[in-house]
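*Asks:* predicted structure and sequence below. I'll ask about it afterward.
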Amino acid sequence: MFQRTIQIMSCCIMIVITAGCDRVITEPTSRSETDAAVPVPTSTIVEPTEILPTATLEPSAPVITGLVDQTINDGEQFGKFKLSDFVLDEDHLPAGIKWQVSGNQEINIRDIGGILFISPPDPEWSGSETFLFEACDFDDLCDSAEIVFTVLDENDPPVINITDQIVQSGGTFGEIVLGDAADDSDHPNAEFNWQISGNSELKIQEAEGTVSVTLPNENWTGRETIRFEACDPGGVCGYKAVQYVLLGKSDVAVTYIGNAGFMITTSEKKILVDALFRGLEAQYALPQPIITLLENAQPPFDNVDLVLATHIHYDHFDADIVQMYMENNPNAIFVSTKDAVSQPRSIPEIEDRLISIDLRDYESTELNVNGIDIEALYLTHGERPANLGYIISVGETKFFHTGDLYVELVDVDYLEAYGVHQKEIDIAFVPIFSLTSTSNHQEIFAGIQARYLVLQHYFYPTFNADLSLMDDVFPNAIIFNNELENWVMP
């Protein structure tokens, strides 16, 4: 047998490794007397230890909780649902959950910053639809829930369609014809039993189905809320609280038209801003009854002194509606950008009442129209179209409408260059996305510094922002829920 011996001398131990055989021999070596006291170590076999991998926790999927089937009677609304209240996730905050809601066929859904507004397509609709709610986190882990939304076909209460009446100094309130003042699919108006109450100083008279509300004296100004209630033969009643306001010298009322459109009413002046538009059905469309009132300059849009449009986009301006309104209100002056003023057809009756403003970045101009002071500022919308902001002064009250300013470019320095923060603005009409993003808050706090904030440019299905943030930081901001809703400045 072939044999090879390797001797390793270490601390008096000789290890002999013999090639060709499967053994290891350990023998003591010769040592000196001085080494005799050194103990001879014995060989120890150490069993290998298995090293286990560290356990990795699996991410958890979100869990939808608290969403239950919804049932209402026809003519009612489902209300609003804050989606972050209906999800739990061990790994992510509720604000980081992505939601998809599908399955609706006729029922309307509006998503405003993670808050769903769900409503039937019209007051007469009944039936049920199943919605699929799906919540996914950043790991693409999801949970889903099917929720049934049901509208019962019940004996509907009459729907009161009387609107607020806001009257300027020296004006009178319009009469109410009760036969036209309510709608009910189940009963004719002639069968309603009416009750009218709530007045304190104003006088109410009813004669032959017509209601008159008159002043206690010729010097009276103020505001009262009158309750109109109509009951059908089945005892089902509908009611509405209607504001009757006679504006005093320093009083101001704001009426929401739609999107960024408003009417400003003072004791002596009426102003429309971004109110003559049509919109798009796929996004936000102004209801046709309101368009008809605007086209014909009918109350409450009669006797308007000034019409402003910030730019030509379809959700702020419509040339045909401007054309008709100006023809039907011979006292109004229309002011806007050069490209907007050029669009209405050339008609001699309105040509001298169209004022064009052509500005660029950091440029402004001042003018007085029908006794109303206006400062127009170029507030960039990006590359195009031109967008004007307006500072409007009526008496001692100042308004600021920004139009569609591009929030990424119109920063505090941009606004301070115009001195907006020094204008002592009372009411500012600002895009809702300026309030729902912390990156834009300084423009509001430092750049504008208004007493009251009125939100504009919302109710779009593509709009997605955190409304709860706005509620926390701007709790007194004014947001309208319905067209023709009014707010009177305290």
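*Replies:* Received it, and whenever you're ready, just let me know what you need.
*Asks:* does anything pack onto the helix ranked longest in the chain? Which helices or strands?
*Replies:* Counting residues, the longest helix found in the chain (DSSP state H) is helix 319-328. Contact partners of helix 319-328 among helices and strands, from 3 or more Cβ pairs under 8 Å, 6 or more residues apart in numbering; DSSP states H and E: helix 288-295, strand 306-308, helix 348-351. Where C-beta positions appear, they are placed from N, C-alpha and C, glycine not excepted.
*Asks:* rerun that using 10 Å as the cut-off
*Replies:* For helix 319-328, the packing partners by 3 or more Cβ pairs under 10 Å, 6 or more residues apart in numbering; DSSP states H and E come out as helix 288-295, strand 306-308, strand 333-337, helix 338-341, helix 348-351.
*Asks:* can you list contacts of it?
*Replies:* 272, 275-278, 286, 291-298, 301-302, 304, 307, 309, 312, 318, 332-334, 336, 340-345, 347, 349-351, 353-354 (Cβ atoms under 10 Å, 6 or more residues apart in numbering).
*Asks:* worst average pLDDT in the helices and strands packed on helix 319-328?
*Replies:* The stretch with the lowest mean pLDDT among the helices and strands packed on helix 319-328 is helix 348-351, at a mean of 84.
*Asks:* next SSE downstream of that one?
*Replies:* Moving toward the C-terminus from helix 348-351, the next helix or strand (DSSP states H and E) is strand 354-357.
*Asks:* could I get that following strand in PDB with only the CA atoms?
*Replies:* The C-alpha trace of strand 354-357 is given here as PDB (Å, rounded to 0.1, in the frame of the first residue of the first chain):
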ATOM      1  CA  LEU A 354     -67.000  94.100 -24.800                       C
ATOM      2  CA  ILE A 355     -63.700  95.000 -23.200                       C
ATOM      3  CA  SER A 356     -60.500  93.000 -24.100                       C
ATOM      4  CA  ILE A 357     -57.500  92.700 -21.800                       C
END
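*Asks:* buried residues in the helix or strand harbouring Arg223, which are they?
*Replies:* Assessed by DSSP H and E, Arg223 sits inside strand 222-231. Going by neighbour count (16 or more other Cβ atoms under 10 Å), the buried part of strand 222-231 is 223, 226, 228-231.
*Asks:* okay, those in a markdown table with distance to Leu367 and pLDDT next?
*Replies:* Putting these into a markdown table (distance: Cβ to Cβ, whole Å; pLDDT from 0 to 100) gives the following:
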| residue | distance to Leu367 | pLDDT |
| --- | --- | --- |
| Arg223 | 33 | 95 |
| Ile226 | 40 | 98 |
| Phe228 | 43 | 97 |
| Glu229 | 48 | 97 |
| Ala230 | 48 | 96 |
| Cys231 | 53 | 95 |
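*Asks:* picking that back up, show me which of the contacts of helix 319-328 are buried.
*Replies:* Among the contacts of helix 319-328, those scoring as buried are 272, 275-278, 286, 291, 293-295, 297, 301, 304, 307, 309, 312, 318, 332-334, 336, 340-341, 343-344, 350, 353-354 (criterion: 16+ other Cβ under 10 Å).
*Asks:* still on that earlier bit, same question for the longest helix of the chain, mean pLDDT?
*Replies:* On average, helix 319-328 scores 96.
*Asks:* now that helix: buried residues?
*Replies:* Those would be 319, 321-327, for helix 319-328 by 16+ other Cβ under 10 Å.
*Asks:* what's the answer for stretch 154-161, then?
*Replies:* For stretch 154-161, by 16+ other Cβ under 10 Å, it's 155-160.
*Asks:* and that stretch, how far out from the chain's middle?
*Replies:* The chain centroid and the centroid of stretch 154-161 are separated by 29 Å under Cα atoms, centre = their mean, to the nearest Å.
*Asks:* now do the same end-to-end measure for it.
*Replies:* One end of stretch 154-161 sits 20 Å from the other (Cα to Cα, to the nearest Å).
*Asks:* over to stretch 231-242?
*Replies:* Start-to-end, stretch 231-242 (Cα to Cα) is 17 Å.
*Asks:* other residues contacting it?
*Replies:* With Cβ under 10 Å, 6+ apart, stretch 231-242 has contacts from 73, 75, 154-165, 176, 181-184, 186-189, 191-198, 213, 224-230.
*Asks:* about what we covered before: following the strand holding Arg223, which helix or strand comes up?
*Replies:* Scanning forward in sequence from strand 222-231 by DSSP H and E, the next helix or strand is strand 237-246.
*Asks:* what's the distance between that following strand and the middle of its chain?
*Replies:* Taking mean C-alpha positions (Cα atoms, centre = their mean), strand 237-246 and its chain are 26 Å apart.
*Asks:* who does it pair up with?
*Replies:* Paired neighbours of strand 237-246 in the sheet (DSSP bridges): strand 165-167 (parallel), strand 222-231 (antiparallel).
*Asks:* hey, C-alpha coordinates of the longest helix of the chain in CSV?
*Replies:* Coordinates of each C-alpha in helix 319-328 appear next as CSV, following Å, rounded to 0.1, in the frame of the first residue of the first chain:
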residue,chain,number,x,y,z
ALA,A,319,-69.3,82.2,-26.5
ASP,A,320,-72.9,81.4,-27.4
ILE,A,321,-74.2,81.9,-23.8
VAL,A,322,-72.2,85.2,-23.5
GLN,A,323,-73.7,86.3,-26.8
MET,A,324,-77.3,85.6,-25.7
TYR,A,325,-76.8,87.0,-22.2
MET,A,326,-75.4,90.3,-23.5
GLU,A,327,-78.2,90.7,-26.0
ASN,A,328,-80.8,90.1,-23.2
